[in-house]
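Trainee: Sequence and predicted model, in that order:
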Amino acid sequence: MANPYSVAPSHERRSDELAYESRLAGELFVPGVRQLVEESWQRSLELHLDPDRIDPGFDLDDRELREYRQEHPLALVLPVIHRLLIQHTFETGLIIAVGDQAGRLLWIDGDRDLRRKAESMLFVEGANWSETNVGTSAPGTALALDHGIQIGGAEHFNRIVHPWSCTAVPVHDPSSGSILGVVDITGGDNAVSPTTLPLLEAAVAAAEAELRIHQLTQPRLPARRAAVVIGPSAPHTTATPEASGMPTTITVTTAPPPQNNSPAPKQRSRAVDALQLSVLGRELGRLGRGESSLELSVRHSEILTLLAWNRHGLTAEQLAHKLYSTENSVATLRAEMVRLRAVLAQADTGLEVASRPYRLSGELELDAHSVLAFLERGAHRVALGAYSGPVLLGSSAPGIVDIRTEVSSSIREALLTDGSADVLLEYARTDECAYDREVWVQCLQRLSARSPKRASVVARIERIDRELSAPRA
């Protein structure tokens with residue numbers, strides 16, 4: 001007997017398109033469509049959702065979103081999600097995100113090119129992908145039904161999402177049984193393969209087991225804010241993803257148990273959020289606000305990073321030295337500044353670069369600063385989750401090298417000094433620590449004598465010793 005929550009192996013996108021168009025045309029019963037999908041379509045129609053426009057809604061600004069994520073109970077199980085899902089995404093073309101039970105996406109990770117494709121349909125951090133906002137989708141419908149589900153292609157209510165397919169499984173509080181969120185895999189047809197749903201169910205079971213351990217070993221979960229009540233939708237925004245070559249995406253959506261009588265904060269659009277410069281794990285900086293983003297050139301990425309890092313400003317000579325480390329480079333810098341100002345003005349970022357000294361006029365949040373702020377508060381797990389790699393990979397500008405070294409060293413020293421065994425082990429498995437023997441030895445020392453993880457750690461240390469001591473050809 002076929003599982004009503006799964007997409008059949010013989011699933012054909014064209015037949016679903018015909019059924020979808022028939023249903024939207026007013027036919028009450030469409031043959032070949034799963035009952036739970038048709039019921040979701042009906043709920044979407046009753047909400048008067050527009051099938052041709054994406055309007056997920058945003059009700060937290062960047063600062064509020066960061067604070068909410070830090071306090072969220074599922075931040076405790078990010079290492080489990082990383083181990084079972086995220087660390088494999090870069091090899092298989094996936095994106096991982098963590099959000100809340102309202103359908104709000106909180107964390108998104110994975111290949112940056114695939115994330116950019118997902119951004120075209122506003123699949124971004126802070127966006128609410130509940131069924132009441134975007135209609136039928138795996139994360140939203142899984143939350144609505146409180147059951148794992150697969151949604152393939154034209155089974156989505158919104159036409160913009162038809163090139164994608166997705167699988168989602170809700171996450172529950174192991175004590176109360178209330179929904180904490182949903183883990184969602186989104187992408188091409190392989191996202192609804194027969195093995196995907198069992199894979200997610202196993203990952204969610206592991207996350208819930210980890211939560212149970214925390215609950216048994218600690219009196220209470222960390223204090224957290226109530227889930228934000230979603231207000232009226234913001235003005236519609238239309239987005240159209242590329243129709244071919246769709247990637248595969250994993251999303252995790254989470255939330256604390258609902259609390260009654262919680263006032264809804266004033267809804268605000270990400271259009272007024274602070275501008276953010278993302279430089280971690282990237283070769284080119286990305287300047288973004290909400291769903292809008294601008295990828296900068298190498299030199300413009302370096303200049304804005306240096307000015308964001310040195311908010312007090314830099315003289316032309318100081319900035320030129322940090323960029324070029326050569327004499328007679330001030331004239332080159334000034335010409336580059338003209339081009340940078342033109343780019344910022346054309347993109348309508350609201351950010352300006354003042355002179356004498358060069359400094360930023362306007363708010364700009366640097367993702368590297370956020371990581372350091374998490375470290376200062378002792379939020380090592382969250383800091384590691386936000387640290388997607390060294391600052392501006394490949395840049396040889398002296399000032400950027402200094403910033404890259406400071407951020408990387410801060411992460412390393414903080415985790416070596418105060419990080420738990422699990423967090424340190426997650427850090428050890430990053431590319432930066434592939435041959436960092438001290439980090440791996442510390443992992444071995446912090447793991448319990450009976451930990452099954454010790455064998456793999458010993459094997460890695462032996463491999464490091466063997467490869468580093470081997471004579472070069």
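Mentor: Looks like it arrived, so ask away.

Trainee: make it CA atoms for all contacts and neighbour counts henceforth
Mentor: Fine.

Trainee: looking at the chain, which helix or strand is least sure?
Mentor: Within the chain, confidence by mean pLDDT, DSSP states H and E is lowest for strand 249-254 among all helices and strands, at a mean of 46.

Trainee: Which SSE is immediately downstream of it?
Mentor: strand 275-278 (DSSP states H and E).

Trainee: Pairing partners for the most centrally placed residue in the chain in the sheet, please.
Mentor: Among the residues of the chain, the one closest to the centroid is Ile108, at 1.1 Å (Cα atoms, centre = their mean). Ile108 forms beta bridges with Ala97, as assigned by DSSP bridges.

Trainee: ok, the closest residue to Leu280 other than its chain neighbours to Ala455 distance?
Mentor: Distances taken as Cα to Cα, 6 or more residues apart in numbering put Val391 closest to Leu280, at 4.6 Å, once the chain neighbours are dropped. Noted for Val391: a distance of 32 Å to Ala455, by Cα to Cα, to the nearest Å.

Trainee: So for the two, which residue has more residues nearby?
Mentor: Counted by other Cα atoms under 10 Å, Val391 and Ala455 do not tie: Val391 has more neighbours, with 29 against 10.

Trainee: hang on, isn't that one packed against Gly399?
Mentor: No. Using Cα atoms under 8 Å, Val391 is not in contact with Gly399; the gap is 11.0 Å.

Trainee: Now do the contacts for Val441.
Mentor: If you count contacts by Cα atoms under 8 Å, 6 or more residues apart in numbering, Val441 has them with Ile461.

Trainee: Break the protein into its domains for me.
Mentor: What automatic domain parsing lists as the domains of the chain is 13-254, 367-469.

Trainee: Let me know the secondary structure of the residue nearest to Val77 when sequence neighbours are not counted.
Mentor: Nearest non-adjacent residue to Val77, counting by Cα to Cα, 6+ apart: Ala207, 5.8 Å away. The three-state label given to Ala207 by DSSP: H, G, I helix; E, B strand; the rest coil is helix.

Trainee: ok, Ala207 - how many residues close by?
Mentor: The local packing of Ala207 (other Cα under 10 Å) involves 24 other residues.

Trainee: With the one 5 residues further on instead?
Mentor: Arg212 sits with 15 neighbouring residues when counted by other Cα under 10 Å.

Trainee: Tell me if it really is in a helix.
Mentor: Yes. Counting by three-state DSSP, Arg212 is part of a helix.

Trainee: and it, what does it touch?
Mentor: Pro174, Ser175.

Trainee: From Ala379, how far off is it?
Mentor: 20 Å.

Trainee: where along this structure do the strands fall?
Mentor: Ranges of strands in the chain, per DSSP state E, are 95-99, 105-110, 149-152, 165-172, 179-187, 249-254, 275-278, 286-289, 292-295, 352-354, 359-361, 364-366.

Trainee: pLDDT weak spots in this protein?
Mentor: Applying pLDDT under 70 to the chain flags residues 1-2, 9-31, 86-94, 110-112, 218-274, 290-291, 325, 327-328, 470-473.

Trainee: any idea how far the nearest residue to Ser388 once chain neighbours are set aside is from Glu352?
Mentor: Leaving aside its sequence neighbours, Ser388 sits nearest to Gly281 (Cα to Cα, 6+ apart; 5.1 Å). Remark: distance between Gly281 and Glu352 (Cα to Cα) = 25 Å.
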